[in-house]
Structure formats: structure tokens, C-alpha cells
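Participant: Just to be clear, the model below is a prediction. Sequence and coordinates:
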Amino acid sequence: MRRSWLYATHDLSQSKTMWWSRLQSRGLHSSSCLMKKTPAGQRWVLRQLRDPYVKAAHQQNFRCRSAFKLLEIDDKFRLLQPGYSVVDCGAAPGAWSQVAVHRVNSAGTGETGRISGVDRITETEHKTQSDPEVPCGTVVGIDLLHIPPLDGAHFLSCHDVTDPATHAKLLELLPGGQAHVILSDMAPNASGFREMDHERLITMCLSLVDLAAKILRPGGSLLCKYWDGIIAHKLQEKLSSVFGSVQTLKPNSSRKDSAERYFFAKMYRKTVKR
């Protein structure tokens, strides 16, 4: 399979979050871990210890803290509805897919409801009610890395989101070959050069517009992460050319010192080829 040099996965911090959660579950004392770290590693561990979203992700069995970004956005805009078909690009380790599975009922549990109190995440609880009449949705996740299995999701591990072969598999897996929502929290492996990484991520996001032309149904939505920078406007302009509305979002769960932003595009206008 062809591999795109552009497409990687979620940033390294998410993998570290899973690693740290495993340490916590094994009861290892934080100070012993800190002693074995480099100065940069020590700073990272201290930040994780102080991060309420990391703690909440561990308590609520989310695979990483990024789940709360999607929860917060979906609580406000309701882009994920029972019965919807969702494609999660850059899905590893699977936190966004966990949220999508619950909200579109792709596991067929009939549970509805929203995780309440995102601003009070240390006290959040799942408030659900079972309803057999709730329609079942579909969640398909894609990543170059292996994605651990998840009930209610079909994962295309070791697949490139820009590869036509991946597009063909999506058309087979999605009901009617169409998705209601495309999600993307993917990012390139960090090079250490901020402008270069920014441009690479924008290019990756632009490839989602091509994907949308193949699988996104008219009126559908796209939510994609980008890093703010000099060519972010190009992505916004491209999205505006095929979506009726494009908004810039910065969830509260996104770290304040991060250049991370999200474009939420809705009301997709499918172009007709002539």
C-alpha cells in the first residue's frame, strides 16, 4: 500500500497519556517515575499529573484526554446523532471513536444521553437511558498505526487516509457508501520546526476535502484539527468553497498554550462533475 509522508497520527502526547494511565493503574508512585526521566520528560509528567482532563480520561476509561475535546464540541453543536455514519481519520488510539460509538449508537446498545458537566469533569457521570428504538449508526476509524479493537467501530489500521484503496474500503463499509460526518484529529509527526509542521498539517487537512467529495453526503459535516499559522486561511477558504458554514473552535480542553484549533464545517455542498 502506498504510504503518504504527510499522514501520521495523533500527537505523541496521546500515546504518553495511555502510557501514564497504565502506570497509574499499576500503582506506580509518580516520584519514582520522575527520577528516571529527562528534564523534558519530568516536565511532561508533572503536566500530566496536574491535568484534570488526563485524570478524567483515566477515570472514565477514555483512551486519551482528546475525547473531551470532541465531547465538548458535540455537546454544543450536536454533530453526532444516533444512526449517523462517521469516519474518524487519524483514529489511534481510539478516543474520538469511543465518543462517536456512544453518540451514534453504533454498538447497538440503545443508550442515549450526553456526558454532562464537561466543565466539571472531575464530577462527570454518564447519564444514559436504554431505548431499543434508537437507530444504529456506523463508525469507521483509519490510521497508519494499529488501533486497538473497540465494540461498535470498524478500524482500518495501517491504512492511509489519502490512498484510493482506503477510499474503496470506506465505500464498502459505509451504509450507502456515504458518511454524515468526517472527523480528523490527525497530525504529522513533529519535526521540531513549527512552520513546517503547520504546513504539513494544513496539507493533510486539505486532503480531507478530496475525501469528502467521495464519501460525505450532501448536508454533512467535517471537523478537523489544525495548527494556527500563516496558511490556515487557505484551508478555511477551501472549506468555505464546499461547505455552507465554517467556524473556528478552541475547546476548553485544548491546552491554552497550544496552537491547536479546529475547523467545524457543516452543510456540505457536493459538487457535480461535468
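Facilitator: All right, it came through fine.

Participant: how close does Phe263 get to Phe155?
Facilitator: 24 Å (CB to CB, to the nearest Å). Every C-beta, even on glycine, is put in place using the N, C-alpha and C of the backbone.

Participant: So Ala67 sits against Ala95, correct?
Facilitator: Yes - the pair Ala67 and Ala95 qualifies as a contact (CB atoms under 8 Å) at a distance of 4.0 Å.

Participant: And these two? Which one has more around it.
Facilitator: Taking neighbours as other CB atoms under 10 Å, Ala67 and Ala95 compare with Ala95 leading, 27 against 24.

Participant: Quick one: find the helix or strand in this structure with the lowest mean pLDDT.
Facilitator: None of the helices or strands of the chain scores lower by mean pLDDT, DSSP states H and E than helix 30-35, at a mean of 40.

Participant: Just the CA atoms of the helix ranked longest in the chain, as PDB, please.
Facilitator: For the chain, the helix that runs over the most residues, judged by DSSP state H, is helix 194-215. In PDB, the C-alpha atoms belonging to helix 194-215 read as follows (Å, rounded to 0.1, in the frame of the first residue of the first chain):
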ATOM      1  CA  ARG A 194       6.800  24.800  13.900                       C
ATOM      2  CA  GLU A 195       6.100  26.400  10.500                       C
ATOM      3  CA  MET A 196       6.900  23.200   8.600                       C
ATOM      4  CA  ASP A 197       4.600  21.100  10.900                       C
ATOM      5  CA  HIS A 198       1.900  23.700  10.500                       C
ATOM      6  CA  GLU A 199       2.100  23.500   6.700                       C
ATOM      7  CA  ARG A 200       2.200  19.700   6.700                       C
ATOM      8  CA  LEU A 201      -1.000  19.500   8.900                       C
ATOM      9  CA  ILE A 202      -2.800  22.000   6.600                       C
ATOM     10  CA  THR A 203      -1.900  19.800   3.600                       C
ATOM     11  CA  MET A 204      -3.300  16.800   5.400                       C
ATOM     12  CA  CYS A 205      -6.500  18.600   6.200                       C
ATOM     13  CA  LEU A 206      -6.800  19.700   2.600                       C
ATOM     14  CA  SER A 207      -6.800  16.000   1.600                       C
ATOM     15  CA  LEU A 208     -10.000  15.600   3.600                       C
ATOM     16  CA  VAL A 209     -11.800  17.900   1.200                       C
ATOM     17  CA  ASP A 210     -10.900  15.300  -1.500                       C
ATOM     18  CA  LEU A 211     -12.200  12.500   0.800                       C
ATOM     19  CA  ALA A 212     -15.400  14.400   1.400                       C
ATOM     20  CA  ALA A 213     -16.000  14.600  -2.400                       C
ATOM     21  CA  LYS A 214     -16.100  10.800  -2.400                       C
ATOM     22  CA  ILE A 215     -17.900   9.800   0.800                       C
END
